[in-house]
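Participant: return atomic coordinates for the entry below.
(chains A and B)
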Protein chains: 2
Amino acid sequence: MGKLATLFAPERVAVVGATDREGSVGYAVTRNLQADFDGEVLAVNPNDGEVLGLPCADSLSELDDIDVAVVVVPPDVAVEVVRQAGESGIENVVVITAGFSEAGSNGAAREREMVAIAEEHDLNLVGPNCVGVMSTSVGLNATFAPQNANPGNISFMSQSGAFITAVLDWASDHAIGFKDIVSLGNKAVLDESDFVREWGDDPETDVVLGYLEDIDDGRAFMETAREVGKDTPIVVVKSGRTDAGASAAASHTGAIAGSDRAYEAGLAQAGVIRVDSVQELFDAASILADQPAPESGEIAIVTNAGGPGVMTTDAVGDSSLSLAEFTDGTLDTLGERLPDGANIYNPVDIIGDAPADRFEETLDVVLDDPGVGMAVVLACPTATLDFEELAAATVAKQETHDVPVAAVLMGGSSTRAAAGTLSDAGIPSYFDPARAVRSLEILSEYGESREREVAEATTFDVDKERARSILERAARRNSTRLGVEAMDLLDAYGIPTPEGDVVNDPAEAKEIAEAIGEDVVMKIVSPDILHKSDIGGVEVGISPEEVWDTYEDLVARARQYQPDATILGVQVQEMLDLDSATETIVGVTRDPQFGPLVMFGLGGIFVEILEDTSFRVAPVPEPEAAGMIDEIDAAPLLRGARGRAPVDEAGLVETIQRISQLVTDFPAITELDINPVVATADGVSAVDLRLTLDTEEL
Amino acid sequence: MGKLATLFAPERVAVVGATDREGSVGYAVTRNLQADFDGEVLAVNPNDGEVLGLPCADSLSELDDIDVAVVVVPPDVAVEVVRQAGESGIENVVVITAGFSEAGSNGAAREREMVAIAEEHDLNLVGPNCVGVMSTSVGLNATFAPQNANPGNISFMSQSGAFITAVLDWASDHAIGFKDIVSLGNKAVLDESDFVREWGDDPETDVVLGYLEDIDDGRAFMETAREVGKDTPIVVVKSGRTDAGASAAASHTGAIAGSDRAYEAGLAQAGVIRVDSVQELFDAASILADQPAPESGEIAIVTNAGGPGVMTTDAVGDSSLSLAEFTDGTLDTLGERLPDGANIYNPVDIIGDAPADRFEETLDVVLDDPGVGMAVVLACPTATLDFEELAAATVAKQETHDVPVAAVLMGGSSTRAAAGTLSDAGIPSYFDPARAVRSLEILSEYGESREREVAEATTFDVDKERARSILERAARRNSTRLGVEAMDLLDAYGIPTPEGDVVNDPAEAKEIAEAIGEDVVMKIVSPDILHKSDIGGVEVGISPEEVWDTYEDLVARARQYQPDATILGVQVQEMLDLDSATETIVGVTRDPQFGPLVMFGLGGIFVEILEDTSFRVAPVPEPEAAGMIDEIDAAPLLRGARGRAPVDEAGLVETIQRISQLVTDFPAITELDINPVVATADGVSAVDLRLTLDTEEL
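Facilitator: Have a look, this model is predicted:
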């Protein structure tokens, strides 16, 4: 058990602000604790001698051996109570009281004070502004919610208190039980990472569920989730996904919204299963809590009705799963055992007159097929089928073969008892085949993410000091926006660039062009001129002889266009043959929660019009960098589509990794765009660069 | 009422094959009819004197005034019974018996015979191989399903009989009632179009639902659906959507699978609402049956909980709906009425202590806002909220303002009575906000499709006879694959092509080049040489002086490459400046169910790699042709993105329409590809052509 063990399994809980006043939070919390808690409940209220039959202490300091203090007093008093808790050696404090950072600047100051106290005493502080915590292991309901949770193996945290009360009300109808529940509130001290870590250590928690509106420290969460997720699936609804949702969330919680792309990438990289709706959240929880992870995403369907079998197959087609192909042995056995008119191929249609034992026999054959990773058992009501017998047969066969199964019982009340039998054995059942398939898909995603060895990002041998001095030079110039004058940065990190340099003298320009030995590209270099082409600041196909004159022309044009522009010089660069090349873009933005977010895409219209891009949170390990290329729709263009030569994809993958290393090493780089990174069969070359520097971070 | 009025509202129904034998279909059908039918049930069975208390006739011909004959005798006998029915002047026959086209070639022959009889007597024949029909208006349950339908305003047809029994079982639990239900079976005579037409005429049917695995005559269905859909929404699950599903469907029904793209386009063009899952089908049915179509897709959310409000907003962000912006008047009023801490902006958070009357007051203001087209009322359980009061308030305000509303009651049993109150008033409620938003989205889609004036396809003034003679000439040559030698076909239909012609003489070639007066493109023209460029069969930038020699070179190369190739000549064509142009593709394939399916996309990678294409069933009216351009992701490239000049979009729209007219006029054209259609600011030009001809259709 982890650091929060006594928070969830206390022996003595004190309610500070306990009261007899019905309808108040202090009353509700005290009553809830009295109702089911295995341990001792103590009341603190200086104004009362006795509350709900409990003797009242005047303050926490009068009480000994308190494991958890639940605080429901007004906000200013709450801060003092937290201090007393700390001074009395209490480890865990649940601050239900509102009126902190969610309530203007006074509240925020109060919260800061409380955090300081909590840090001083190393308090595990939940909230403030929350509904409280529950743990069914000891009957703990330290909340003001009207309903206690049923016991189960799901632990659940929510940034919305109302959602907790809603889920509790609903779950009691749906045979869903919980181990622990936490209302995160303002997350002043304990946040989502702390609870994920705790539940990772908790043998009674088989699935972690979260409703989150933001993640304070995305990178810390990723690290914890990655570790915990190896044994315990984590399923999250992260709301504020859409633009509309993000602005609603911002006005609701005041959270600085990170980009949803960062959440999407970060959660996926950490193996967290992200779902979009409440239905999916609990469908995911149920199947993950009770069914084994599948060996493959190959699904078998056994049905007594053709049409619904087709609907189920469509749902498989919509998913990342695929229909299992049976071995010849399986087909032969099915052919022998099933009646005429049955379809022995997947989806297996055992036809309308099938009794439960035909389902059982068929499942026995199908689940034994080595190519079958999971199965849907689908039954419509018929005169010959007893749903309860079907349920028992399904439970038996699932247990024998230990292959995950979901059931579709296409009926109403006639299926209820069967659904209960299945649910008791941990097999979910649905009316809609699409939900069954989606649940199995989530199970399969978890299985895959668990099997995926989490690669560490490669650390390339780079010249970090040279890079630092380039950035520091820019900082001394007060430059926050750098361009090709910083191309050496790429060189320092081993990223190939075309031959050439930035010079501020026509003679040097000529020298470089002569060294290159063929026609060159020349560009004015100025942080003040963004659209160089528009002012005639770019010239291509310049022979070494023309370089001197061109240098002077470029500078003259720049001066004329913007007399006060800082001109850093002229870039003289080898001309690449773009006809046989594919232009790509590697970009980086810095997300407030997840840090550097690396983007890959093809140049031009692919990024700008089609938004065909992929994202990863840095540092990006090799398989993730390769995944960024796989994910874009236009990837075939890099791989020899339409008669092109396949480009050096390994070179691109390495470039992404090296960029990732660069922006990880230098948090001062807040934005970076290499556009284009030209890719050919022979290699890659970073041609142009823009970056934004936060000089204070250097 | 339509042609099938007496099928659904008969006075006298005869069961041919009625029997006392429990467990048999004849027994089940007779019992079901006896149970609830308002009219008279008659039994026919030559082997019995009496069945279930009914006197037995030996044959249908002994009975008078039968409105519907239900046939449950073995298949060979069934054909004779249908004949007797026809000869006795019975109008409606429901053939439940299986053993027809679904059962091999003997069955298929039997079905053909039955169809011939039905046609001879103009019989309304349902089935064969079906579960039967129901109509709650007269208590008719002429099926062997174990459960009768509850009355309601939804009529439902299904190509899967099992799905009907499943839905009946489930619907009785979910307060869903039906007017008529039809099991389509093999659709030997009556098919989906017949029932849609009938229900369009039926004032008691407010929504038509269908589960379809194929649509026999896609174009007829489109026409009927378009007409009926103006007043009666039609919602369809068309299964076999995915590749996996399509092959499962083919093995299940033996139907020739048309492409799902044709279904997608055809159903959308006909205003049919297509949903993917069973849950969506019934969610759609409920809201369409009872809520008014919205005036706009602008949605208001009123919630007592911030977090779930954000989830709902995310669901809006995922949909085609958008969050309504309130008027200043609305905001002022909300500001006055709502307490501190409330959020007056959409989503309106009336906070956790809201009683039902705060919901009521807020709804009154919000539903009155002219910018609000629909609303979600979202409530989590709290100490202050009475769900039943909330339900009553919601019903009252929905009725007053006549704006569609869906409810999210985020709880379990505590919300059940409220859900019932809402449901009785036609307001759907859900636990998951995403479902509420999806239902409103479907309602909005229906509203939009109903308002959309169905445009007729433009008939351009074309030279159809010239086109015919071009095709006939090819047919005489036994050519089924035509190329640029048929470019005149495009000219005949008013589609601009570059200057030039196909000639078979170097002198003529020179003449044409001189008339063009600048460099030309020359291509070998042969139905036997598909990849002209690969064999040096294309030359660009040929000056008039070089034309003669080039002609001879091209022909020589072609002869050398393939001595027996038919060479139709050489195309001499004006060279277009492709640098400032965008290449597009217009293609046509012929779908077995929907006929010509027109495709539009941008040339090259856009179609081949990115599959960025749009489809419509021909004939394509002007707004649909414009929609085809709108729908592709790369559309901005035609509209001046990245500094290009916007192309002549009207010219493209007209080209699509003219192609649509061409392939509609000539069913002999089974495939056609114009690649590229070059589009510039000044116009469009069809540069290359391939088509496949079915000469028997000429």
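Participant: contacts and neighbour counts: CA atoms only from here.
Facilitator: OK.
Participant: any idea how many residues pack against the residue of the stretch 51-200 of chain A found nearest chain B?
Facilitator: Going by Cα to the nearest Cα, chain B is nearest to A:W170 of the stretch 51-200 of chain A, at 3.7 Å. Burial of A:W170 is recorded as 21 neighbouring residues (other Cα atoms under 10 Å in any protein chain shown).
Participant: how about the contacts made by it?
Facilitator: Listed by Cα atoms under 8 Å, 6 or more residues apart in numbering or on different chains, the contact partners of A:W170 are B:M410, B:G411, B:G412, B:S413.
Participant: and if we set it to 7 Å?
Facilitator: Going by Cα atoms under 7 Å, 6 or more residues apart in numbering or on different chains, A:W170 touches B:G411, B:G412.
Participant: again with A:A149
Facilitator: By Cα under 7 Å, 6+ apart, the residues touching A:A149 are A:T136, A:L168, A:G177, A:F178.
Participant: so the last one makes contact with A:G152?
Facilitator: Right, A:F178. Yes: between A:F178 and A:G152 there is a contact at 4.1 Å, judged by Cα atoms under 7 Å.
Participant: who has more neighbours, those two?
Facilitator: Between A:F178 and A:G152, counting by other Cα under 10 Å, A:F178 is the more crowded of the two (25 against 19).
Participant: look up how far A:I287 lies from the more buried one.
Facilitator: 14 Å (Cα to Cα, to the nearest Å).
Participant: next: A:L489.
Facilitator: For A:L489, the distance to A:I287 equals 50 Å [Cα to Cα].
Participant: and these two? Which one has more around it.
Facilitator: A:I287 (25 against 21).
Participant: and the biggest helix by length in chain A, average pLDDT?
Facilitator: As assigned by DSSP state H, the longest helix anywhere in chain A is helix A:433-451. What helix A:433-451 shows for mean pLDDT is 93.
Participant: got a list of contacts for that helix?
Facilitator: A:230, A:233, A:271, A:283-284, A:287-288, A:293-294, A:297, A:311-312, A:315-316, A:319-321, A:406-408, A:430, B:277.
Participant: give the next helix or strand downstream of the lowest-mean-pLDDT helix or strand in chain A.
Facilitator: Across the helices and strands of chain A, mean pLDDT, DSSP states H and E gives its lowest value to helix A:243-253, namely a mean of 73. Scanning forward in sequence from helix A:243-253 by DSSP states H and E, the next helix or strand is helix A:260-269.
Participant: following element in sequence after that following helix, please.
Facilitator: From helix A:260-269 onward toward the C-terminus, using DSSP H and E, the following helix or strand is strand A:273-274.
Participant: quick one, strands of the stretch 501-650 of chain A?
Facilitator: A:520-525, A:538-542, A:569-574, A:582-591, A:595-602, A:613-617 (DSSP state E, counting those that start in this stretch).
Participant: and the ones you listed as a markdown table, adding mean pLDDT and distance to A:R112?
Facilitator: Formatted as a markdown table, the strands of the stretch 501-650 of chain A follow (pLDDT from 0 to 100; distance: least, Cα to Cα, whole Å):
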| stretch | mean pLDDT | distance to A:R112 |
| --- | --- | --- |
| strand A:520-525 | 93 | 47 |
| strand A:538-542 | 92 | 54 |
| strand A:569-574 | 93 | 50 |
| strand A:582-591 | 94 | 24 |
| strand A:595-602 | 95 | 24 |
| strand A:613-617 | 95 | 30 |
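Participant: can I get those in CSV with mean neighbour count and distance to A:V81?
Facilitator: Formatted as CSV, those follow (neighbours: other Cα atoms under 10 Å in any protein chain shown; distance: least, Cα to Cα, whole Å):
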stretch, mean neighbour count, distance to A:V81
strand A:520-525, 25, 61
strand A:538-542, 16, 68
strand A:569-574, 25, 64
strand A:582-591, 22, 36
strand A:595-602, 26, 36
strand A:613-617, 25, 41
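Participant: so which of these gets nearest A:S88?
Facilitator: Checking these against A:S88 by Cα to Cα gives strand A:595-602 as the closest, at 38.8 Å.
Participant: quick check: angle from the closest one to strand A:613-617?
Facilitator: Orientation check (axes from the mean of the first three to the mean of the last three Cα atoms, to 10 degrees): strand A:595-602 against strand A:613-617 gives 160 degrees.
Participant: and strand A:595-602, what other elements does it pack with?
Facilitator: Here strand A:595-602 touches strand A:582-591, strand A:613-617, going by 3 or more Cα pairs under 7 Å, 6 or more residues apart in numbering or on different chains; DSSP states H and E.
Participant: partner strands of that strand, parallel or antiparallel?
Facilitator: Sheet neighbours of strand A:595-602, with direction, are listed as strand A:582-591 (antiparallel), strand A:613-617 (antiparallel) (DSSP bridges).
Participant: select, from the contacts of A:A149, the two members most distant in space.
Facilitator: Taking Cα to Cα, no two of the contacts of A:A149 sit farther apart than A:T136 and A:L168, at 12.5 Å.
Participant: in chain A, which strand has the most residues?
Facilitator: strand A:669-680 (DSSP state E).
Participant: how close does A:D549 get to chain B?
Facilitator: Going from A:D549 to chain B by Cα to the nearest Cα, to the nearest Å gives 30 Å.
Participant: narrow the contacts of helix A:433-451 to just the buried residues.
Facilitator: Using 16 or more other Cα atoms under 10 Å in any protein chain shown as the burial test, the contacts of helix A:433-451 include A:230, A:233, A:271, A:283-284, A:287-288, A:293-294, A:297, A:311-312, A:315-316, A:319, A:321, A:406-408, A:430, B:277 as buried.
Participant: so which of these are in helices?
Facilitator: A:D283, A:A284, A:I287, A:L288, A:M311, A:T312, A:A315, A:V316.
Participant: which pair in those residues spans the largest distance?
Facilitator: Spanning the widest gap among those are A:L288 and A:M311, at 23.7 Å by Cα to Cα.
Participant: give me the number of residues near A:S61?
Facilitator: Neighbours around A:S61, by other Cα under 10 Å: 17.
Participant: against A:L125, how distant is it?
Facilitator: 18 Å.
Participant: pull the distance from stretch A:57-70 to the chain's centre.
Facilitator: A distance of 39 Å separates the centroid of the chain from that of stretch A:57-70, by Cα atoms, centre = their mean, to the nearest Å.
Participant: okay, that stretch in PDB with CA atoms only?
Facilitator: Taking Å, rounded to 0.1, in the frame of the first residue of the first chain, the C-alpha atoms of stretch A:57-70 are listed here in PDB:
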ATOM      1  CA  ALA A  57     -14.200  18.100  21.000                       C
ATOM      2  CA  ASP A  58     -13.500  21.800  20.900                       C
ATOM      3  CA  SER A  59     -10.600  21.300  18.500                       C
ATOM      4  CA  LEU A  60      -8.500  18.600  16.800                       C
ATOM      5  CA  SER A  61      -5.700  19.100  19.200                       C
ATOM      6  CA  GLU A  62      -7.800  17.600  21.900                       C
ATOM      7  CA  LEU A  63      -8.100  14.300  20.000                       C
ATOM      8  CA  ASP A  64      -5.500  11.500  19.700                       C
ATOM      9  CA  ASP A  65      -4.600   9.100  16.900                       C
ATOM     10  CA  ILE A  66      -6.800  10.700  14.300                       C
ATOM     11  CA  ASP A  67      -6.100   9.200  10.900                       C
ATOM     12  CA  VAL A  68      -8.200  11.500   8.800                       C
ATOM     13  CA  ALA A  69      -9.700  15.000   9.600                       C
ATOM     14  CA  VAL A  70     -12.600  16.000   7.400                       C
END
